[in-house]
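A.B. asks: here is my input, please return the structure:
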Amino acid sequence: MALKKEAIALIAKLTKTKVEDIETALKDDKEVDLPIDEKLTVFSEDEVTTLKDNEFKRGKVSSVEIAVKDVKEKLKLDFTGKTIDGLVEAVQKKAVEEAKISPDKKVTELQEKVTTLQATVTDQEKKLAEKETEVSGVKINGELFKSVPADTTLEPDEVIGIMKMKGYDFKMDEGKLVVTKDGKIVQDKVANPLPVKQVIEEFVKEKKLNGKSADPEGGRGGGGGGKAPVKFSKLSEIKAHFNEQKKSLLGAEFSEAVTKAAAENKEFVMD
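C.D. replies: Predicted coordinates for the structure are as follows:
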């Protein structure tokens, strides 16, 4: 039974022989020899895959060992291992030795740096909190001064100051400015906070602080003998004035002074 040409071609390919030699051998009635290299090895697909994996692993190990050797020679490390972990340990050991410093001392230095950093952060947080308090005070006073009736015999900051002396205070509650009296929010009969403007107006009326003098040149009461109030055109002037008076820049008085100056002078500069 004759073989198909395709089969003969495949056999020739696998055995690394010529198609003609195989065809001649098949046609011969006698037993003939077909020369095939004894070193020839044929692999299945699975065997080829396994071979490639093994070669890759050997190549990977060899590459790591070569890289470790190159680094070891370059850094002049006293190290006989062939692994990356061993190399890292040797590098760390040499770094400590060259620094001539013990690990414990290094840790102490780092802790000192962390402590210094924490102190710096705390100081910055304190300054930010003070600045936020100052800004918040200015905003609150701005709202309060706008709520003081225009016909009062006193300046807005004086009216607010008297109210605070009488137990009133002003704070932000859920994003809204409210009035408190002796620590409790001033409310209407259904427990809603009374509007700030209404509370101030009622206080001015109750204390008879309305009815400003008709003489704009005479000052309060029309006497004209009082010292004219200091006018400020920018924030730095107010700060200098308070520093001269040895007064705090963080208190309510400073915030009220800034707010008042900004309200009286449209060209006031926050600088």
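A.B. asks: list the contacts for M163?
C.D. replies: Neighbour list for M163: I200, F203 [criterion: Cβ atoms under 8 Å, 6 or more residues apart in numbering]. Where C-beta positions appear, they are placed from N, C-alpha and C, glycine not excepted.
A.B. asks: T180: what's it in contact with?
C.D. replies: By Cβ under 8 Å, 6+ apart, the neighbours of T180 are Y168, D169, F170, K171, V186.
A.B. asks: of these, which is the nearest to E130?
C.D. replies: K171 (17.6 Å; Cβ to Cβ).
A.B. asks: what about that closest one, how many residues nearby?
C.D. replies: Other residues within reach of K171 by the criterion other Cβ atoms under 10 Å amount to 12.
A.B. asks: going forward, begin numbering at 135 instead of 1
C.D. replies: That works, and once the first residue is 135, the last one we named lands at K305.
A.B. asks: assign a three-state SS to it, would you?
C.D. replies: Classification of K305 using DSSP: H, G, I helix; E, B strand; the rest coil returns strand.
A.B. asks: list the contacts of it.
C.D. replies: Listed by Cβ under 8 Å, 6+ apart, the contact partners of K305 are I274, L311, V312, T314.
A.B. asks: cool, N399 as well?
C.D. replies: Neighbouring residues of N399 by Cβ under 8 Å, 6+ apart: K365, F366, S367.
A.B. asks: which phi and psi does the second one have?
C.D. replies: In terms of degrees, to the nearest 10, the main-chain angles of F366 are phi -120, psi 150.
A.B. asks: picking that back up, show me which of the contacts of N399 are buried.
C.D. replies: By neighbour count, with 16 or more other Cβ atoms under 10 Å, the contacts of N399 hold F366 as buried.
A.B. asks: tell me the most packed of the contacts of T314, by neighbour count.
C.D. replies: Highest neighbour count within the contacts of T314, by other Cβ under 10 Å: F304, with 21 neighbours.
A.B. asks: helix or strand right after the helix or strand of the chain with the lowest mean pLDDT?
C.D. replies: The helix or strand of the chain with the poorest confidence is helix 179-209; it has a mean of 70 (mean pLDDT, DSSP states H and E). Per DSSP states H and E, the first helix or strand lying C-terminal to helix 179-209 is helix 218-233.
A.B. asks: now that following helix, how far from the centre of its chain.
C.D. replies: A distance of 34 Å separates the centroid of the chain from that of helix 218-233, by Cα atoms, centre = their mean, to the nearest Å.
A.B. asks: what packs against it?
C.D. replies: With contacts taken as 3 or more Cβ pairs under 8 Å, 6 or more residues apart in numbering; DSSP states H and E, helix 218-233 sits against helix 179-209, helix 237-281.
A.B. asks: how about it as CSV, C-alpha atoms only?
C.D. replies: Below are the C-alpha coordinates for helix 218-233, written out as CSV (Å, rounded to 0.1, in the frame of the first residue of the first chain):
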residue,chain,number,x,y,z
ILE,A,218,18.5,40.4,45.1
ASP,A,219,17.5,40.2,48.8
GLY,A,220,21.1,39.4,49.8
LEU,A,221,22.4,42.3,47.7
VAL,A,222,19.9,44.8,49.3
GLU,A,223,21.0,43.7,52.8
ALA,A,224,24.7,44.1,51.9
VAL,A,225,24.0,47.6,50.4
GLN,A,226,22.2,48.7,53.6
LYS,A,227,24.9,47.3,55.8
LYS,A,228,27.6,49.2,53.9
ALA,A,229,25.6,52.4,53.9
VAL,A,230,25.3,52.3,57.7
GLU,A,231,29.0,51.5,58.1
GLU,A,232,30.0,54.3,55.8
ALA,A,233,27.8,56.8,57.6
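A.B. asks: in that helix, what's buried?
C.D. replies: Buried-residue list, helix 218-233, by 16+ other Cβ under 10 Å: L221, A224.
A.B. asks: nothing else from me, thank you.
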